[in-house]
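K.L.:
need a 3D model of the sequence below.
(chains A and B)
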Number of protein chains: 2
Amino acid sequence: MEKVREIVREGRRVGKEDPRRVVHAFKVGLALALVSSFYYYQPLYDNFGVNAMWAVMTVVVVFEFSVGATLGKGINRAVATLVAGGLGIGAHHLASLSGPTIEPILLAIFVFVQAALSTFVRFFPRVKARYDYGILIFILTFSLISVSGFREDEILDLAHKRLSTVIMGGVSCVLISIFVCPVWAGQDLHSLIASNLDTLSHFLQEFVEEYFEATDDGDIKEVEKRRKNLERYKSVLNSKSNEETLANFARWEPRHGQFRFRHPWQQYLAVAALLKQCAYRIDALNSYLKSDFQIPKDIKKKLEESLRRMSSESGKSLKEMSISLKKMTKSSSADIHVLNSQSACKTLCTLLKSGILNDVEPLRLISLTTTVSLLIDIVNLTEKISESVHELASAARFKNKMKPTASLKKSDSVSIGRAAVPIKSHDSDDHVVTILCDADVSNTVDQSRGETSVDSCHHVAIKIDDDDLVHEKHEVGEIHAHSCVSCDPSDVLDSSNKRISSSN
Amino acid sequence: MEKVREIVREGRRVGKEDPRRVVHAFKVGLALALVSSFYYYQPLYDNFGVNAMWAVMTVVVVFEFSVGATLGKGINRAVATLVAGGLGIGAHHLASLSGPTIEPILLAIFVFVQAALSTFVRFFPRVKARYDYGILIFILTFSLISVSGFREDEILDLAHKRLSTVIMGGVSCVLISIFVCPVWAGQDLHSLIASNLDTLSHFLQEFVEEYFEATDDGDIKEVEKRRKNLERYKSVLNSKSNEETLANFARWEPRHGQFRFRHPWQQYLAVAALLKQCAYRIDALNSYLKSDFQIPKDIKKKLEESLRRMSSESGKSLKEMSISLKKMTKSSSADIHVLNSQSACKTLCTLLKSGILNDVEPLRLISLTTTVSLLIDIVNLTEKISESVHELASAARFKNKMKPTASLKKSDSVSIGRAAVPIKSHDSDDHVVTILCDADVSNTVDQSRGETSVDSCHHVAIKIDDDDLVHEKHEVGEIHAHSCVSCDPSDVLDSSNKRISSSN
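P.N.:
Next up, the predicted model:
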């Protein structure tokens, strides 16, 4: 009895986690009940007889959770049945020419060679990803058709009936899965990446809070709860196989919602890979949350402002990317946060360079500087993620919508040498915004973030016209091609305002 | 033509990567050719007729690469066919009692309810992992049996024939997969974990080499090659789903080689999870390889000795674990390396505490201290991995074999306050070796490695008798129960030698 109650509880949990599962169960039931009418409805039964079972079988095996998976399996099954049926009949015909004693031997050889070859081909990574099921059905159908019975006219009839019932079963699956509360793998992949962006953003925004204030809090339960909430990022660490499966399914799906047939699903995987790299750093960072109690508060305090901005601004930029991904619009609002986090990064380096920590024992600094260095890593990764999301946005032809939801804080950037000026670039009528950090500061920053070039700088060119294929370009180390004038960062804002007015 | 050549090349690559794939393809061909004799061999065909196709179908669908997967699918299929057949006949009987008009309606309702319920149950995580295929076959068989034909004696015959052909097909799959060049999922999982240990060990042993000497090397190609070799660790980052699949398959496998039926496969996953955590740190560490050109050599030099030992000793300990896993023996030789790396860790902290870096700008230290801190993390994780491997060794009843292949280097441990003395513990006749670091040093170490306890220490109790179930115990923070005498670390070696002589 206890067992039953537990199962019911588990069922509720599974259903609550994703209510579409309940709907899917009903859809499968509906499709099966429909297809089994082949047996009850006399005219259909008279036509197909026992072959009606292939329709039932197809529905059971082909009907998957998402449209993409169902379509993929359905098409695989139909094509494989057709091809294998043809080849099977050919093999049967060839064997029957050779006389009754050699026929079974020849057939056995055909089956053996075909099965061995096809099974081996299933190991090819590209085949495995998309056509695994098709090859399985190919082996099955070929074997069944080539060996079953010995009279050819019967076999043609068998192949024909089997193919038509398989197609009927497959079509009813596909129709039900598309038209009754469809679950799109593409949509799921899209949402998964957006939610992963969100999860990491949440960590980065909460992390500093936790880092600087954890010791004050007396309520252990509250702290535990916050920690648990923070550790949601762990789901990102292991989402790779899930993402790849979804991307494979999504490729089969027709246009739906704002997703075209050839939506750039591979680009989602590229974003996902960068997110995972970021999550690895976050995992390392998280392990320092529990260890930092011994760092004197006054030391932490000195760097608090910069660390807070680095973390929260990268968090905000990820959040903006998540929002623009969800809305499927091109947006440059994330760029501003990326710039902010980079400027905070530079402020931090200037601070460190000024010798603010010179009187502190190096040993006491270890975990603090590690935090700093991991955060710098994360800021750099955020930029890469932003670039990758921009690429995705233009490859997927997201709509233009450039309302920046945040502004640069002037006060934070005063101490940084920085040049930002709109200039004309070579191609047509782009407004090019070039942000240059002064050579000295950028040099020291590079040292800690893994680049050897002394005069690298960030060059953001934002195209204004509506051509979907050209997107924001991000280039590093090309400054010498442009004239750079030192100016206030608010220029960046000005130029982005200009952009908004010109795109409206 | 180019296409064909490419396919052949790909085929060669796939076959070379794992030659067992070729063998598997032949095995499938063999099984299919064998089962299709149901059609050629007249007495068999007379008996089963068209039902012989179920045997063919079973072979195609059930025959998987590893024994575990084949057995799992075979058992799932057989049991599901049996149960669903019984229920299907029951449903058919019940419906036939209700008269010819209501019968189809009732049958449709049965099919609908059964399919919807079963489909929903497939979403339960535990069901999905082990019985997904069984439920699929359950839905299939129930639908086919309950609706097909309308005469009950025919149905009994159908169910009986179908069950026996399915079982025949399944049994031939299982027999061929077990007795012809078997591929054991359990063995694969075992080897995968051992090779993951090896991969990480390789990185740790090579990393410091690269870290301290990369700048000297002029040959870019050579450096590239070494880097690529180092980055083999990346395969560990994403092996989770593979490991889980193998563990699921392995559970179905009977005793083979040194693996029992109930081998602790879950414990392998526990080790794998720790290895992945370690790989995340290594990924962060790897990103600093490319950034450290600007750290002055003389600064690096100061810490070189300790860093070298930390990294290479943790590497060696992972190597030892990998070897003892491969040989399936209990071994304490890894423990010695763990202790060595911990002692190097303490030396490093003492060095840092002595103010060796006080005159260096903090900014220049960032990436150096991050390396230090990540390495400390890794040393700690190595200890956890070692514990986990010990747990695995005793749960899996590995043979005792305690030949330490390495020894403590006396010279490296002189500067560390440390107490190691064999004493009697409470339980029976264990020799307990207690290694204590002096409170001051351990305090500063703890600060950087994430533990708040001031007086934590490592307490290693090694049981000598041959009882397989009790293994080395590792406890932290229990020192106050024992008397601790400061002494030379060579005592540890002495006591482990004692152990060897007593166990031989």
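
K.L.:
next secondary structure after the longest helix along chain A?
P.N.:
If you go by DSSP state H, chain A has its longest helix at helix A:362-395. If you walk from helix A:362-395 toward the C-terminus, the next helix or strand you reach (DSSP states H and E) is strand A:399-400.

K.L.:
which neighbouring elements make contact with that following strand?
P.N.:
Judged by 3 or more CB pairs under 8 Å, 6 or more residues apart in numbering or on different chains; DSSP states H and E, the packing partners of strand A:399-400 are strand A:329-330. For glycine as for every other residue, the C-beta is placed from the backbone atoms N, C-alpha and C.

K.L.:
packing partners for the strand it packs on?
P.N.:
Strand A:329-330 makes packing contacts with helix A:362-395, strand A:399-400 when contacts are defined by 3+ CB pairs under 8 Å, 6+ apart.

K.L.:
what pairs with the last one, parallel or antiparallel?
P.N.:
When pairing is defined by DSSP bridges, strand A:399-400 lines up against strand A:329-330 (parallel).

K.L.:
any idea of the mean pLDDT for the strand it pairs with?
P.N.:
Strand A:329-330 carries an average pLDDT of 86.

K.L.:
just how off-centre is it within its chain?
P.N.:
17 Å (CA atoms, centre = their mean, to the nearest Å).

K.L.:
that older thread, single out the most deeply packed of the helices and strands packed on strand A:329-330.
P.N.:
Neighbour counts (mean count of other CB atoms under 10 Å in any protein chain shown) averaged over each of the helices and strands packed on strand A:329-330 peak at helix A:362-395, with a mean of 24.

K.L.:
how about A:Arg309: what's its closest non-neighbour residue?
P.N.:
A:Ala344 (3.7 Å; CB to CB, 6 or more residues apart in numbering or on different chains).

K.L.:
burial of A:Val60, as a residue count?
P.N.:
A:Val60 has 26 neighbouring residues, counting by other CB atoms under 10 Å in any protein chain shown.

K.L.:
pretty sure it contacts B:Leu136?
P.N.:
Yes - using CB atoms under 8 Å, A:Val60 is in contact with B:Leu136, at 6.5 Å.

K.L.:
how near is A:Leu107 to B:Leu32?
P.N.:
With the distance defined as CB to CB, to the nearest Å, A:Leu107 ends up 11 Å from B:Leu32.

K.L.:
ok, the two, which is more surrounded?
P.N.:
Taking other CB under 10 Å, A:Leu107 and B:Leu32 do not tie; B:Leu32 has more neighbours (29 against 25).

K.L.:
if I pick the more buried one, what's in contact with it?
P.N.:
Contact analysis of B:Leu32 by CB atoms under 8 Å, 6 or more residues apart in numbering or on different chains lists A:Val111, A:Phe112, A:Ala115, A:Ile139, A:Ser143, B:Val56, B:Val59, B:Val60.

K.L.:
I'd assumed A:Leu144 was in contact with the first one.
P.N.:
No - under the criterion of CB under 8 Å, A:Val111 makes no contact with A:Leu144, lying 9.9 Å away.

K.L.:
hang on, the earlier thing: compare the mean pLDDT across the helices and strands packed on strand A:329-330 and name the weakest.
P.N.:
strand A:399-400 (a mean of 80).

K.L.:
hang on, the earlier thing: nearest to A:Ala91, of the contacts of B:Leu32?
P.N.:
A:Val111 (8.4 Å; CB to CB).

K.L.:
follow-up on the earlier one: can I get the helices and strands packed on strand A:329-330 in JSON lines including distance to B:Arg12?
P.N.:
JSON lines is the format used below for those (distance: least, CB to CB, whole Å):
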{"stretch": "helix A:362-395", "distance to B:Arg12": "34"}
{"stretch": "strand A:399-400", "distance to B:Arg12": "48"}
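
K.L.:
and of those, who's closest to B:Glu387?
P.N.:
Across the helices and strands packed on strand A:329-330, closest to B:Glu387 is helix A:362-395 (CB to CB), at 23.6 Å.

K.L.:
tell me what angle the closest one forms with helix B:362-395.
P.N.:
Relative orientation of helix A:362-395 and helix B:362-395, computed by axes from the mean of the first three to the mean of the last three CA atoms, to 10 degrees: 90 degrees.

K.L.:
off-centre distance for helix A:362-395?
P.N.:
Distance, centroid of helix A:362-395 to centroid of chain: 19 Å (CA atoms, centre = their mean).

K.L.:
what do you get for stretch A:314-326?
P.N.:
Computed by CA atoms, centre = their mean, the chain-centroid distance of stretch A:314-326 equals 14 Å.

K.L.:
and the contacts of that stretch?
P.N.:
Residues contacting stretch A:314-326 (CB under 8 Å, 6+ apart): A:190-191, A:193-195, A:197-198, A:200-205, A:207, A:330-331, A:333-338, A:340-341, A:375, A:378-379, A:382, A:385-386, A:389, A:392-393, A:398, A:401, A:405-406.

K.L.:
just the buried residues of that stretch, please?
P.N.:
Buried residues in stretch A:314-326, defined by neighbour count with 16 or more other CB atoms under 10 Å in any protein chain shown: A:Ser314, A:Gly315, A:Lys316, A:Ser317, A:Leu318, A:Lys319, A:Glu320, A:Met321, A:Ser322, A:Ile323, A:Ser324, A:Leu325.

K.L.:
now the first one: which helix or strand?
P.N.:
When you say that, I think you mean A:Ser314. Here A:Ser314 sits within helix A:297-327, counting by DSSP H and E.

K.L.:
compute the inter-axis angle for that helix and helix A:362-395.
P.N.:
10 degrees.

K.L.:
what's the domain layout of chain A?
P.N.:
A:1-179, A:185-399 (the TED database).

K.L.:
quick one: mean pLDDT for the shortest one?
P.N.:
Right, the one you point to is domain A:1-179. For domain A:1-179, mean pLDDT is 86.

K.L.:
where exactly do the helices run in the stretch 1-150 of chain A?
P.N.:
Remark: helices assigned in the stretch 1-150 of chain A by DSSP state H, counting those that start in this stretch are A:2-17, A:20-35, A:37-40, A:42-48, A:52-62, A:67-96, A:102-121, A:125-147.

K.L.:
in which helix or strand does A:Asp188 reside?
P.N.:
Under the criterion of DSSP H and E, A:Asp188 resides in helix A:185-213.

K.L.:
my bad, should have said A:Ser172
P.N.:
Using DSSP H and E, A:Ser172 sits within helix A:152-179.

K.L.:
does that helix reach chain B?
P.N.:
No - using CB under 8 Å from any CB of the partner chain, helix A:152-179 never reaches chain B; the gap is at least 9.6 Å.

K.L.:
angle of that helix against helix A:67-96?
P.N.:
Here the directions of helix A:152-179 and helix A:67-96 differ by 180 degrees (the same axes, to 10 degrees).

K.L.:
and helix A:152-179, what's buried?
P.N.:
Buried residues in helix A:152-179, counting neighbours by 16+ other CB under 10 Å, are found at A:155, A:158-159, A:161-163, A:165-170, A:172-174, A:176-178.
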